[in-house]
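Asks: Dropping a prediction and its sequence here:
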Amino acid sequence: MKRRDFWSIGASAGAAIVLAIRVLSEFGGFTHPESNAFLRVYNDYSRPVYRIVFDPRMTDWGAYQARELSYLVDCFDARFIYACAARGMTHFYSLSAAVILLLCVALQQHFLARDFRRVPPHISALFSVAFVAAPCCDALGFFRSAKPLVALAATAVCFGAWRLFLRREEATGTAAGWTLFAAGVLVGPFADRQGAFLTAVVAGLSAVALGAAAFPAVRSRFGVGPETVKKLRLAALVGGSGVVSSALYNMKIAPALIRHFNGYDPSFEFQNIGAGGAWNFVNGSMYMLDNLGFAVLRVYGMTAILAGIALALLWMWFWIKNVRRDFKTLPAALLNLAAAGAMLLCANMMTFRHHLMLRDDVIHSGYFMPMLAVLVFLLAVTLETAENGKIATRVVGVLTALSLVAGAVMPRFSHPSVRDHLIFYREAAPAVIRAMNDDSFDIDRALVPYSSYKLVQHFRAYKAGRR
């Protein structure tokens with residue numbers, strides 16, 4: 001077995017162990033208050049699945065987002081939970097979340113082993129294990145599959161594109177790369193609005209790169225030949241097709257299906273953020289910097305933001321120095337800059353629409369998962385193109401290892417400044433699980449949230465109907 005293959009298998013095994021530890025340590029998990037409603041909606045066997053999936057009033061409480069693919073996966077998760085509970089094995093884990101995280105790791109390791117030869121295999125393994133162990137990937141409980149699906153799409157798009165342009169003038173051996181790239185670009189928008197944003201960014205970057213390649217001086221300076229131009233044209237075509245298809249689905253097809261299946265027109269109010277969202281740089285910057293600092297040190301508040309600022313400055317210093325040493329690394333530097341700018345813009349709009357995301361007990365949740373998937377790729381690109389690879393590898397390796405150590409140690413000493421808004425649901429979880437496993441347990445005398453009480457009633461009726 002090759003050394004890289006050994007480390008790739010070890011990374012997958014390490015990621016699986018991290019997930020197993022989470023599952024075993026949570027003793028069945030708990031339900032988010034929204035999940036209590038969604039579990040009942042998706043386990044409504046009086047309606048066909050397609051009517052449930054195309055009913056945003058029930059699956060998204062009226063906040064239409066054209067992400068029916070995620071609703072379909074959520075439906076599978078919800079029915080899996082009920083099927084397990086009916087056999088006396090009640091839990092509230094999302095099977096899709098674990099599977100998607102492992103698929104992300106598999107894609108990362110496959111491409112890191114083959115396309116990033118300057119990245120040491122043990123560092124590649126650290127990337128994937130740290131990714132799965134990150135706070136934003138911590139929630140295995142049933143809630144929504146939207147953000148994990150976009151993280152998978154982002155992983156496919158980033159590494160697939162790198163495979164396509166790594167050997168820029170080779171026209172052969174790219175079928176797998178194009179398939180993966182196109183799948184992420186075209187399917188991502190049906191999972192979440194972040195997926196639609198990802199597709200728009202890919203289309204925009206492809207168009208900009210194609211425009212730059214139109215200048216002979218640029219082609220000569222960076223060795224852009226005819227095959228590269230062909231690939232850029234095809235990438236722009238795929239990205240543009242993704243934008244058009246997602247817009248058409250969002251504006252016309254999905255509303256028509258919702259109207260046909262459920263008799264109403266969805267409201268676009270949630271999607272209409274307005275121009276102010278794009279300029280929401282204060283909140284967007286706080287969100288990004290806080291998550292960067294927390295990912296490495298597991299600290300909160302201003303300490304996390306200061307740590308994020310230090311990491312951002314270190315990143316800027318590295319690329320400025322790298323480009324000054326070798327001007328041909330400018331495209332990689334611009335790729336990093338464009339990706340950072342796109343993530344900041346996305347954070348601006350998300351925090352503008354949903355200000356609750358800035359709370360200390362929410363800010364590090366799954367909203368950041370797709371961005372972290374992109375950051376894993378950018379770290380690999382940084383090491384692959386570094387002029388002084390040994391120093392960069394040591395710095396990145398230490399920071400990645402530090403994030404794993406901090407994840408195991410710091411939660412014992414560092415806590416959010418606000419009370420966990422889900423604490424009641426966590427504390428009530430054992431009683432809810434017992435009530436679903438044991439029909440003789442009197443749920444009326446248990447201290448549980450009302451939505452959890454209704455979930456138990458719904459499950460008992462479901463189980464009685466199956467007898």
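Replies: Alright, I've got the coordinates.
Asks: Now do the helices in the stretch 101-250 of the chain.
Replies: Per DSSP state H, counting those that start in this stretch, the stretch 101-250 of the chain carries helices over the ranges 121-133, 146-166, 175-187, 193-212, 216-222, 226-248.
Asks: Of all those, which one is nearest A338?
Replies: helix 193-212 (5.8 Å; C-beta to C-beta). All C-beta atoms are positioned from the backbone trio N, CA, C, and that covers glycine.
Asks: Packed most tightly, which of the helices of the stretch 101-250 of the chain would that be?
Replies: helix 146-166 (a mean of 25; mean count of other C-beta atoms under 10 Å).
Asks: ok, back up a step: got CSV for the helices of the stretch 101-250 of the chain, with distance to G276 and mean pLDDT too?
Replies: Output for the helices of the stretch 101-250 of the chain, formatted as CSV (distance: least, C-beta to C-beta, whole Å; pLDDT from 0 to 100):
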stretch, distance to G276, mean pLDDT
helix 121-133, 33, 95
helix 146-166, 24, 94
helix 175-187, 28, 91
helix 193-212, 17, 96
helix 216-222, 36, 89
helix 226-248, 22, 94
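Asks: Between those, which one is closest to R79.
Replies: Taking the helices of the stretch 101-250 of the chain one by one with C-beta to C-beta, helix 146-166 is closest: 17.7 Å.
Asks: Let's verify Y45: helix, strand, or coil?
Replies: When classified by DSSP: H, G, I helix; E, B strand; the rest coil, Y45 comes out as coil.
Asks: any idea how far it is from G276?
Replies: 44 Å (C-beta to C-beta, to the nearest Å).
Asks: V376 contacts S128, correct?
Replies: Yes - the criterion here is C-beta atoms under 8 Å, and V376 meets it with S128 at 7.5 Å.
Asks: returning to what we had before: looking at Y45 and G276, which is more packed in?
Replies: A count of neighbours by other C-beta atoms under 10 Å puts Y45 above the other of Y45 and G276, at 13 against 10.
Asks: What's the per-residue pLDDT of that one here?
Replies: Note on Y45: pLDDT of 93.
Asks: ok, it - contacts?
Replies: Applying C-beta atoms under 8 Å, 6 or more residues apart in numbering to Y45 gives the contacts 462, 465.
Asks: Okay, it and Y82: tell me how far apart.
Replies: In terms of C-beta to C-beta, Y45 sits 10 Å off from Y82.
Asks: Quick check: neighbours shared by these two?
Replies: Residues touching both Y45 and Y82 (C-beta under 8 Å, 6+ apart): Y462.
Asks: which stretches of the stretch 201-350 of the chain have low pLDDT?
Replies: Nowhere does the stretch 201-350 of the chain drop to pLDDT under 70.
Asks: coming back round to it: what do V376 and S128 both touch?
Replies: The contact sets of V376 and S128 overlap at Q108 (C-beta under 8 Å, 6+ apart).
Asks: Tell me where the stretch 251-400 of the chain has helices.
Replies: Taking DSSP H, counting those that start in this stretch, the helices of the stretch 251-400 of the chain run over residues 254-262, 281-297, 301-325, 330-353, 369-385, 389-409.
Asks: next one: the fifth one to chain centre, how far?
Replies: Put simply, helix 369-385 sits 13 Å off its chain's centre (C-alpha atoms, centre = their mean, to the nearest Å).
Asks: what do you get for stretch 352-367?
Replies: 14 Å.
Asks: In that stretch, which residues are buried?
Replies: 352-353, 357, 360-367 (16 or more other C-beta atoms under 10 Å).
Asks: what mean pLDDT does that stretch have?
Replies: Stretch 352-367 comes out at a mean pLDDT of 88.
Asks: Spatially, which residue comes closest to M357, not counting chain neighbours?
Replies: Spatially, and ignoring its direct neighbours in sequence, M357 is nearest to T351 (5.4 Å; C-beta to C-beta, 6 or more residues apart in numbering).
Asks: Neighbours of the one you found, how many?
Replies: Other residues lying near T351 total 23 when counted by other C-beta under 10 Å.
Asks: For it, give me its contacts.
Replies: Counting by C-beta under 8 Å, 6+ apart, T351 makes contact with 280, 283-284, 286-287, 357-358.
Asks: Same question for A98.
Replies: Contacts of A98 (C-beta under 8 Å, 6+ apart): 19, 23, 140.
Asks: Now do the same for it: its pLDDT.
Replies: A98 carries a pLDDT value of 96.
Asks: about what we covered before: export the contacts of T351 as a markdown table, with columns for distance to V456.
Replies: Formatted as a markdown table, the contacts of T351 follow (distance: C-beta to C-beta, whole Å):
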| residue | distance to V456 |
| --- | --- |
| N280 | 41 |
| N283 | 38 |
| G284 | 40 |
| M286 | 39 |
| Y287 | 36 |
| M357 | 30 |
| L358 | 33 |
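Asks: Filter those down to the buried ones, ChimeraX style.
Replies: Buried members of these, defined by 16+ other C-beta under 10 Å, are picked up in ChimeraX with:
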select :280,283,284,286,287,357
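Asks: and which of the contacts of T351 is nearest to T199?
Replies: Distance to T199, by C-beta to C-beta, is smallest for G284 among the contacts of T351, at 20.1 Å.
Asks: I figured that closest one hits N348, correct?
Replies: Yes - with contact defined as C-beta under 8 Å, G284 counts as touching N348 (3.5 Å).
Asks: quick revisit: so which of the helices of the stretch 251-400 of the chain is the most packed in?
Replies: For those, where neighbours mean mean count of other C-beta under 10 Å, the stretch averaging the most is helix 369-385, with a mean of 23.
Asks: Identify the residues contacting Y264.
Replies: Counting by C-beta under 8 Å, 6+ apart, Y264 has contacts 57, 258.
Asks: One more pass at 7 Å, please.
Replies: Y264 makes contacts with I258, as judged by C-beta atoms under 7 Å, 6 or more residues apart in numbering.
Asks: What backbone torsions are found at it?
Replies: Phi and psi for Y264, reported as degrees, to the nearest 10, are phi -150, psi 160.
Asks: cool, and Y93?
Replies: When read as degrees, to the nearest 10, the backbone of Y93 gives phi -90, psi 150.
Asks: Ok, N272 next?
Replies: Main-chain torsions, N272, degrees, to the nearest 10: phi -80, psi 80.
Asks: Can you report how many residues lie near it?
Replies: Neighbours around N272, by other C-beta under 10 Å: 9.
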